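In: A predicted structure for the sequence below; I have some questions about it.
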Amino acid sequence: MLRENHRSFKFDWITIVLFLLLVVFGYLNILSASHIGEITSYFDSSQLYGKHLIFVGLTFVLIILIVSVEAKFYERFASVIYIVAMIALIGLFLFGKDVNGARSWYGIGSMTIQPSEFAKFATALAVAKFISDIETNMKTVKDQLKVAAIILIPAILILLQNDAGSTIVYLAFFFVFYREGLQQVYLIIALSLIILAVLGLKFGVLISAIVTLLTLACVYLFRRKNKDSIFNYIIALIVCIGFSYGVKLFYTHGLKIHQQNRISLWLRLEKDPAKLERMKKAEAYNLIQSEEAISSGGLTGKGFLQGTRTTGKFVPEQHTDYIFSTVGEEWGFLGTSLVVLTFVLLIIRILYLAEAQKSQFSRVYGYGVASILFIHFTINIGMVMGLIPTVGIPLPFFSYGGSGLWGFTILLFIFVKLDSNKINEW
Amino acid sequence: MRKILLLTTVIFVGLIFIARLFYLQVYNSDAYDIFEDTAIKKEYNYPKRGYVYDRNGQLLVANQPSYDVMVIPREVSPLDSLELEEFCALLKITKEDYEKKLNKAKNYSYRLPSPFVPQLSKKDYAVLQEKMRKFEGFYIQKRSLRSYQTDIGANVLGDLGEVNRRTIKRKPYYKLGDLIGKQGIELSYEDVLRGVKGIKFIQKDRHNKNIGPYKDGVFDTLPKPGKDITITIDSELQAYGEQLMKHKRGGIVAIDPKSGEILAMVTGPSYNPNLLVGRERNKNFNKLFRDTINMPTFDRGLQAQYAPGSPFKVINALIGLQEEVVEIDEKFTCRMGYYYGSRKLTGCHHHRSPVDLNTGIAQSCNAYFVNVYRRIVDKYDDAGIGTNVWAEHAKSFGLGNYLNNDLPVGRKGRIPDGDYYDRQYGDNRWGSTYTVSNAIGQGEVEATPIQLANMAAAIGNRGYYYTPHIIKHIEGDSIPDKFKKRKYTSIDKKHFEPVIQGMFDVYNKGTAQTLRVPGIEICGKTGTAENFVKIDGVKTQLTDHSIFVAFAPKENPTIAIAVFVENGYWGSRFAGRMASLMIEKYIKGHITRTDLEDWILTHSLENEYKKPYSGEPFKINGQTTLQVIDKNPIMIETKEQNLIN
C-alpha cells in the first residue's frame, strides 16, 4: 500500500489536471449540443450525452488499468500492440460496418468501435520502439524507409477505408522523426512542397513556376561557397514545376468532388455565384453554420445550454467534429480561448516532459503523443473556424465518441505512466 | 532547433487561433441582438389600433383585419416550375413579379422578414393559409388596417402606410412591413393610437421547424392595445364645409375660441380617405400625390400661405390703438386711394369720405389703414424700430410663426420686421412708404388659413387665444397642458371693442351686409388678395383670392373661422358666403340662408383653375363669367377621374 501511494505522487499532475479540464468541459458541451428538449436524466443512455457520460466514467477505469501496468510492458509489447491494431484495421475490410461512406467501425450489438482511434497510440508505440532501438539510425535511408513503413501501413489502410481525415493524422510523425534526427533537407522539402501545392492551386502552375525560378535563382546567386552545378538547379526547377502540375492534376482528377469543393472553398477558387450558392447549401453549409455560431457567442457567450443555434441544431455534427462551435456560441471568446490555451499548455507540458525523459523510448513516445494531439487540435479547430479546408477529425477529449475518447486517453496515459517511471530508469 | 520546432509551431498555431477567435467573436461580432438571430423566430401580435371619434362621439376610424405574405429570403428554398406556378397563382402575381419581389426583399436583408405581397383579402387568405406550409421562407402576418366610417376629413384623419427604412433605422420598434401613420392625426398621434405589439420568441431548428418557446417565453410580451382618441372636429360641420368647398380650391378652418379646439379643417379639393387603405393604397397615393395641379394631399387650411388681404387691417387698427397713434373717431380722407405727395401708393374702392375707424373697417378703406400703418412705423425715430414694434404686436396673434400645435404640417407665414427690409433695401435705405402694402395685408405679409382663424379667435376673445389643436380626449390620459394655457396678445383688452364693432358693422352696413344670418351677431372681415403666377416665365395676374375671417356671436364667441377660396375674386363673393353658412350651421345646426347655400353649391371655379394651363390668353376678375353647375350633378364620371372630390 505504502509503495503504491509513493508511486502515485510521481504522476504529472499538471497533465492530469489539463486532461480533466478538457474532458469535463467537453462533456458539458456535448450535453448542450446533443440534448433535445428537457434533460430528464443525465444518465439517460438513450441520449448521446448519457452515453458520453458512461464513456467518461469508463475512461477512469481505463486510466487505472493503464497506470497499473508495469511501465516496461509498453516498450516490450509495442510491436505486439501495433500488430494487433493493424489486424484490427485489416479486419474492417471483412467485418466492418459502413457509416457515412467510411468503413471504419466494428459493430458489436448496438455498440460500435472505431479501431483507427486505437491505431494512433499503437503506431506511436511502434515508432518509439523502432527509433529507440540501438541499431536504428534515422540518418540512414534504410531506417527512414522502415519507419516510414510503420506509419504508412495504418495510414494506407485507413485511407482505403475512406477515412481521409484520420489518414492525415499520421503526418504528425514527421515532427517525431525530425526531432530524432531526420535531415533538415526533408523539412525544407516538405515546406516547399506545401507552398508549391497551395501556390499552384491558387494562382496556377505558371505563377508557381515563376516563384520557383526566382527562388532558385536567388539561392544560386547568394550561395557563394560550394556551389552546385547549374544543372542541379534546372532539375530542381523541373521537379518543382512537375510537382505543381501534378498537384493540379490530382486536384481536378484525383480528388472526389466533395474534397475538391472543400479545397476550392478554402482557397476561394470558385467564382461562379450560382455554384457558390449551391455550395453554401452543401459543402460550405457546416462551415457557415459553425462560423456563425462561433461569432454569435461574442465575448462572453450566450451561456451554458443557452445557445440558440446549438439548441436549434443548426450545426450538423456539432457534438462530434464541430463541438468547438458549441463552445464558441455558449461560452464566447472567454471559453474558446480557454480551450485553445488548455490544449497549447497540455502539448507544451508533454513536450517538456518528453525532453526530460531518460529513456529514448519514452521521449519518442512523448513526442508522438504531443504531435498527434497537436495535429488534431490544429486541424479540428482550424477547420471549424474556416482557417483550413474541412477535414473530418475529432477534437481530442472533447468530441463525442467512446473510441475517440478512449484512444486519446490511452495515448496520453501510457505517457503519463512512462513519465512517472523515469526515476526507475538508468 | 530540433527540440523547438514543434514547440514553436504549437505556440504559433495557438496565437493564430486566438487571433482568429478574437476577430470572429469580439472584433467582428455585433452585440447579440435576438432580432438578428435567425435561430429565433419572432412572431408578432399586432394590437388593436386606437379608434378615432369626433367631438360628438361619432366613430370616424375603426379597424379591419389584413393579411400580409412575408418572406425571409435566406429561408426560401428554390421552387420548381410547378410549385412556382402554383404559388404565383395563389398570390395572383406573375413569375416575373415573384423574382422582382424576392430580389427586392434580398436587397433589404437575407435574414429579416420583408413583406412579399401585402394586404391580402380575407378570401385569398383563407385559400392561402392551408398551403402556406409548403413554401419555405414564406409566412402570413396578420395585421390590422384602418376602416374609415366616413368619407370626409381625409386631410384631418390622415392614413397609415408601410414604414420606410429610414424610419426603421431611427425607431427600431418598427419592422419592415409594419404600418405607421403617414398623415393627419394618424401621424401626430401615432404613439398613442399604435399601442405596443406583442412578441413571441420561438426557437427554430435547422429545418425551420418550431421546437418550442425560447427560454420558456420569458421575453415574450402581450400586445398593448392602442388608445382611443376623440378629436375636436365636428364631423357634421366638417362634412358641410367639404360640401361647400366642392369645385373650389381653398381651405376653411373653424376654431372654438373658448378652447382652441379645431371644429373643422377643410381643404379643397380633397379625397375619400378609404382610397388610402389596402392593396390599392400605393396606386392611389401616387396618383393623389403626383397630382401637382389639384394637389389634393396639400392641406390648404394648414399649408397654403397666402397674403391675408384686408382681414389683416383689423390687426393694424388694434396696433394703432395700442400704440396711441390714432383716436377712435379720428377721420382720414380717402380720394379713391392713398396719395403720398402726388403719387398714389394704394388704390381704394368707392365709399364715402372721410372715414373713421369704424367705417374704415366696415368699408375696408385702404387709405385709412395706410395712414394708421404709417403713423405706427413713423412713431419711432427709425423705420426699422417702428416696423419691429409693429411686427411684435402682429406676431402676438400667432402670425408669422408656427403655431406649435398637434398637426403634422404647417407653415410659418410671414410678418416682416426691420431686418427683413434692411436686407431687402439696404440698412436704413427705406421708410414707411416703402412698406405700405402691409397696411392692407398685401405685400410681404403672409398667413395660413389656420393662423387667420386663430387671429379671429384672439380678437373674439378680446386679447387671448388657445393654441389651436385637434385632440380633445385621449383614453386614460390627458391632453397636453400647452393646449390649456391662454396666450395673450400684446393689445390691451379695451382696444378690442371699437374694432369688434367695426367688424360687426362689416355685416351691418359694410362689405358683407348681404351675408347677414338672422339671429346671429357675426363679426367678420372681407378680404381680396391679388395674386400672380408665372406662365412660361411671364408673371401673370390671376383672379383675386376670396378671403373671409369671422367670429360669432359678437359676445362670447363660440366659433372663429377663416375661409380662403383661390381665385374666388372679392371676399364676400365665395369666402364670405361660406363663412356665414358654416357659422349658421355650427350655431343653429341648420341653414336658413338657403339662398347662400344654393349659390355656393351651384357655382364652380373649375374653369377659372383651368385658365393658366390652357395655353391661351385669358381674362380675370371683373371680365370673367362664373361657371354655373347643377346642384346635384349626376355622377357619370369614371372611377378613375373620381379620385378627388
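Out: Perfect, I can see it now. Residues are numbered from 1 along each chain as shown, chains lettered A, B, ... in the order given.
In: Which phi and psi values does residue 217 adopt?
Out: Picking chain A for this. Torsion angles at A:Ala217 (phi, psi; degrees, to the nearest 10) stand at phi -60, psi -40.
In: distance between the longest strand seen in chain B and the chain's centre?
Out: In chain B, with assignment by DSSP state E, the single longest strand is strand B:538-552. On the basis of Cα atoms, centre = their mean, to the nearest Å, strand B:538-552 sits 20 Å off its chain's mean C-alpha point.
In: what's downstream of it, the next helix or strand?
Out: On the C-terminal side of strand B:538-552, the closest following helix or strand by DSSP states H and E is strand B:559-565.
In: what angle sits between that following strand and strand B:538-552?
Out: Angle, strand B:559-565 to strand B:538-552, by axes from the mean of the first three to the mean of the last three Cα atoms, to 10 degrees: 160 degrees.
In: Which strands or helices does strand B:559-565 pack on?
Out: strand B:250-256, helix B:449-460, strand B:538-552, helix B:577-588 (3 or more Cβ pairs under 8 Å, 6 or more residues apart in numbering or on different chains; DSSP states H and E). C-beta: built from backbone N, CA, C; applies to glycine.
In: Direction included, what does that strand pair up with?
Out: Sheet pairing here is set by DSSP bridges, and for strand B:559-565 it gives strand B:250-256 (antiparallel), strand B:538-552 (antiparallel).
In: Which among those is found nearest to A:Ile64?
Out: strand B:250-256 (94.4 Å; Cβ to Cβ).
In: now the angle between helix B:577-588 and the closest one, please.
Out: Using the same axes, to 10 degrees: strand B:250-256 against helix B:577-588 is 30 degrees.
In: what's the angle between strand B:250-256 and helix B:449-460?
Out: Going by the same axes, to 10 degrees, strand B:250-256 makes 40 degrees with helix B:449-460.
In: Rounded mean pLDDT for strand B:250-256, please.
Out: Mean pLDDT, strand B:250-256: 96.
In: Check which element follows it along the chain.
Out: Using DSSP H and E, the first helix or strand after strand B:250-256 is strand B:261-268.
In: which helices and strands does that next one pack with?
Out: helix B:154-157, helix B:235-245, strand B:250-256, helix B:300-303.
In: contacts for the longest one?
Out: Okay, so that is helix B:235-245. B:54, B:56, B:58, B:60, B:150, B:152-153, B:156, B:252, B:254, B:263-270, B:578, B:581-582, B:585-586, B:597, B:600-601, B:645 (Cβ atoms under 8 Å, 6 or more residues apart in numbering or on different chains).
In: For the lengthiest strand in chain A, buried residues please.
Out: Criterion DSSP E: the longest strand present in chain A is strand A:102-108. Neighbour-count burial for strand A:102-108 flags A:Ala102, A:Arg103, A:Ser104, A:Trp105, A:Tyr106 (criterion: 16 or more other Cβ atoms under 10 Å in any protein chain shown).
In: how about the residues you listed in JSON lines, adding pLDDT and distance to A:Ala209?
Out: JSON lines is the format used below for the buried residues of strand A:102-108 (pLDDT from 0 to 100; distance: Cβ to Cβ, whole Å):
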{"residue": "A:Ala102", "pLDDT": "83", "distance to A:Ala209": "37"}
{"residue": "A:Arg103", "pLDDT": "86", "distance to A:Ala209": "40"}
{"residue": "A:Ser104", "pLDDT": "87", "distance to A:Ala209": "39"}
{"residue": "A:Trp105", "pLDDT": "89", "distance to A:Ala209": "44"}
{"residue": "A:Tyr106", "pLDDT": "90", "distance to A:Ala209": "48"}
